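>>> This is the structure alone, sequence omitted:
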DNA sequence: GACGAGTTTCCGTTGAACGGAACAGCTTTG
DNA sequence: CAAAGCTGTTCCGTTCAACGGAAACTCGTC
């Protein structure tokens, strides 16, 4: 993703995505002036570009004058592999896992050194988790991230080990040596129990999901309170991950 | 959504969305040449624009040379109200409904005269349905569509009644008089049982989901085989719809 | 009524975008 | 094995879609 900290892009495409990029989980709506300021574009330029985005359904306007991301972008996004292929194939297995645990079930893909959550099944009474579809978190600090990183290319792993490890709690993995040890254990065990990495009150059990070329296409996890007994969760998570892998056409030898 | 049947757009934004619009459920990947032909753009223009879309994460390229919708578009789309607000609030209730029925549970929003499915929970053994997140179907031919149309503005209803009603099966509602009767019944009953409209082997029970201004923000349904007894489904679907409405902040009088 | 903030419209200027041509690479066919 | 066909990439003189400041309009507040 191109840096937005430097000068504002001069191409139309760049400006369009800079405008769309103003929206986030913390800012799902914005006024015209907010869009102009945040994108670093003149007001009349913003007005013109926003008008076109509305025309194409990428943005919609509230009765109150604010803008939000339009249904058309959601439809286009629904065609991405993470949603169209992976998520569709995974859904029945996520439901299975949810029914036997009644806890939060999450599916994420890797993008660079981040885990991007593409699905989350949550229940009324399950422990509150900070993720929602679209959330990004560093690989090292999440169960799904650790299983994807442990099975990523050596270059990606070295990159992660060379990058400062963000700390969320006192338990977050924060040294390269500590991360190496955890990644080796993940490869040995085929799953990970990730405790108190993002919040001290939760832990997750995660297993890798393989794609049709055997590569790790996603990570699957169940998130439970930190004091829960996870021993029975491990085989359930691993079985569901294998089921998804099978549905994605993964070779038998890596499932 | 602008017509693409007429001349190709000359604006950059128009061209960008025309290129992105080449992708669909039936065409999740496309080569550069396919994109050029389908979008009606010169090859070098397409190459340049596609390069920018890759740069901004809107498109990604397969090792084999095909392109597909990128993760970034999915992330942006995840911020649209249908996903970010509605779907998040609805998820626990969809899970509840799935657990008591073990059938396909669907959530859709209205866009013009179409129902756009934003969520579907399906199971291994449930009756196969043709919808997935992103699918669009005419309002008159779906349970979710009928509950949204019955509670839409008079202008929208008149527009639907004045538009030719597409027929999918011998049972599809196909006359304005027939549609008027069904809409009146939906308003009276507060739910609908929609039988064999898209496929003769399925029927659905649908109820309206209200937003914080009391408007019908979405339709919720369970799809079952046509020979299933739906009497027990009606209260469950209505209760789940009311739960979602409450979560969305709907006024008490319309829930 | 004045003021401030946000939004909308206009139009002379201009540089980002255009896309044909040429070239490179790969696969298929005879 | 050469020819043909198709796909993808690069270049650059030309051009028109986009630019954005200024002015005007709208709305809410004091």
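Happy to help now that I have it. All of these numbers come straight from a predicted model, not from anything done at the bench. Numbering: from 1, shown residues only, chains lettered A, B, ... in the order given.

>>> three-state assignment of the residue lying farthest from the centre of chain A?
Residue farthest from the centre of chain A, counting by C-alpha atoms, centre = their mean, is residue A:44 at 35.1 Å. What DSSP: H, G, I helix; E, B strand; the rest coil gives for residue A:44 is helix.

>>> roughly how far apart are it and residue A:12?
Counting by C-beta to C-beta, to the nearest Å, the gap from residue A:44 to residue A:12 is 15 Å. All C-beta spots, glycine's among them, are computed from the backbone N, C-alpha and C.

>>> For residue A:45, list the residues it contacts.
Contact analysis of residue A:45 by C-beta atoms under 8 Å, 6 or more residues apart in numbering or on different chains lists A:15, A:36.

>>> Check residue A:222 too.
Listed by C-beta under 8 Å, 6+ apart, the contact set of residue A:222 reads A:97, A:101, A:103, A:104, A:105, A:106, A:204, A:205, A:233, A:236, A:237.

>>> likewise residue A:100?
Neighbour list for residue A:100: residue A:236 [criterion: C-beta under 8 Å, 6+ apart].

>>> Shouldn't it be within a helix?
Yes - assessed by three-state DSSP, residue A:100 belongs to a helix.

>>> ok, now how distant is it from residue A:165?
Computed as C-beta to C-beta, the residue A:100 to residue A:165 distance reads 33 Å.

>>> repeat for residue A:23
From residue A:23 to residue A:165 the distance is 29 Å (C-beta to C-beta).

>>> In terms of neighbours, single out the busier of these two.
Taking neighbours as other C-beta atoms under 10 Å in any protein chain shown, residue A:23 and residue A:165 compare with residue A:23 leading, 23 against 18.

>>> tell me which residues in stretch A:225-239 are buried?
Buried positions in stretch A:225-239, judged by neighbour count with 16 or more other C-beta atoms under 10 Å in any protein chain shown: A:228, A:233, A:234, A:236, A:237, A:238.

>>> do the same with stretch A:174-185
Buried residues in stretch A:174-185, counted by 16+ other C-beta under 10 Å: A:176, A:179, A:182, A:183.

>>> hey, where'd the helices end up in chain A?
Per DSSP state H, chain A carries helices over the ranges A:12-20, A:32-39, A:43-55, A:71-77, A:81, A:88-101, A:143-150, A:154-162, A:176-189, A:233-247.

>>> quick one on the thing from earlier: what subset of the buried residues of stretch A:174-185 is also close to DNA strand D?
The subset of these within reach of DNA strand D, counting by C-beta under 7 Å from any atom of the strand, is empty.

>>> and those as CSV, adding distance to residue B:123 and pLDDT?
Output for those, formatted as CSV (distance: C-beta to C-beta, whole Å; pLDDT from 0 to 100):
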residue, distance to residue B:123, pLDDT
A:176, 43, 96
A:179, 38, 97
A:182, 35, 97
A:183, 35, 97
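
>>> out of those, who's nearest DNA strand D?
residue A:183 (34.0 Å; C-beta to the nearest atom of the strand).

>>> picking up where we left off before, in JSON lines: the contacts of residue A:222, plus pLDDT and distance to residue A:136.
Converted to JSON lines, the contacts of residue A:222 look like this (pLDDT from 0 to 100; distance: C-beta to C-beta, whole Å):
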{"residue": "A:97", "pLDDT": "93", "distance to residue A:136": "22"}
{"residue": "A:101", "pLDDT": "90", "distance to residue A:136": "25"}
{"residue": "A:103", "pLDDT": "91", "distance to residue A:136": "22"}
{"residue": "A:104", "pLDDT": "92", "distance to residue A:136": "17"}
{"residue": "A:105", "pLDDT": "95", "distance to residue A:136": "18"}
{"residue": "A:106", "pLDDT": "95", "distance to residue A:136": "13"}
{"residue": "A:204", "pLDDT": "95", "distance to residue A:136": "16"}
{"residue": "A:205", "pLDDT": "97", "distance to residue A:136": "21"}
{"residue": "A:233", "pLDDT": "94", "distance to residue A:136": "25"}
{"residue": "A:236", "pLDDT": "96", "distance to residue A:136": "26"}
{"residue": "A:237", "pLDDT": "97", "distance to residue A:136": "22"}
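
>>> Return the closest of these with respect to residue A:34.
If you rank those by distance to residue A:34 using C-beta to C-beta, residue A:106 comes first, at 31.4 Å.

>>> Understood, closing this out.
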